[in-house]
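Peer 1: got a structure for you, letters missing:
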């Protein structure tokens, strides 16, 4: 018997657990994710709608933007460390993390002092 799909996934409009999605029509929050860790499942909305300060770093990113990125990570570090069940974790992963696309089509994640990690 096929497993019944969780109605929280359909309501949030996401394709699966732990897969964030933009919500351009939401009045306050820019993203939604149905987070699952073990048996615990929670719908999390995160990110300020219309914020111009977040996003992936651009080539030649200004020092002010680098400072904003560093400040966000310092300010929310404890909440990011809580893991998948916190909005700060998803905001950091989706809006503030440096992703480096390679010519081969691979995507690498900059994980700070420990270097790069292949996401595929």
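Peer 2: Structure received. Quantities reported herein were computed from a predicted structural model and do not represent experimental measurements.
Peer 1: next, the buried residues of the longest helix along the chain.
Peer 2: Criterion DSSP state H: the longest helix present in the chain is helix 63-75. Within helix 63-75, the residues that qualify as buried by neighbour count (16 or more other CB atoms under 10 Å) are 69, 72. For the C-beta atoms, the positions are set from N, CA and C on the backbone; glycine is no exception.
Peer 1: gap between the helix or strand hosting residue 91 and the chain center?
Peer 2: Here residue 91, judged by DSSP states H and E, is contained in helix 87-91. Here helix 87-91 is found 6 Å from its chain centre; the criterion is CA atoms, centre = their mean, to the nearest Å.
Peer 1: same deal with stretch 31-47?
Peer 2: 11 Å.
Peer 1: for it, measure first residue to last.
Peer 2: 6 Å (CA to CA, to the nearest Å).
Peer 1: give me the low-pLDDT residue ranges for this structure?
Peer 2: Residue ranges of the chain with pLDDT under 70: 1-2, 53-59, 98-120.
Peer 1: circling back to that earlier point, from the contact counts, what lies against the helix holding residue 91?
Peer 2: If contacts are counted by 3 or more CB pairs under 8 Å, 6 or more residues apart in numbering; DSSP states H and E, helix 87-91 sits against strand 29-37, strand 40-48, helix 77-80.
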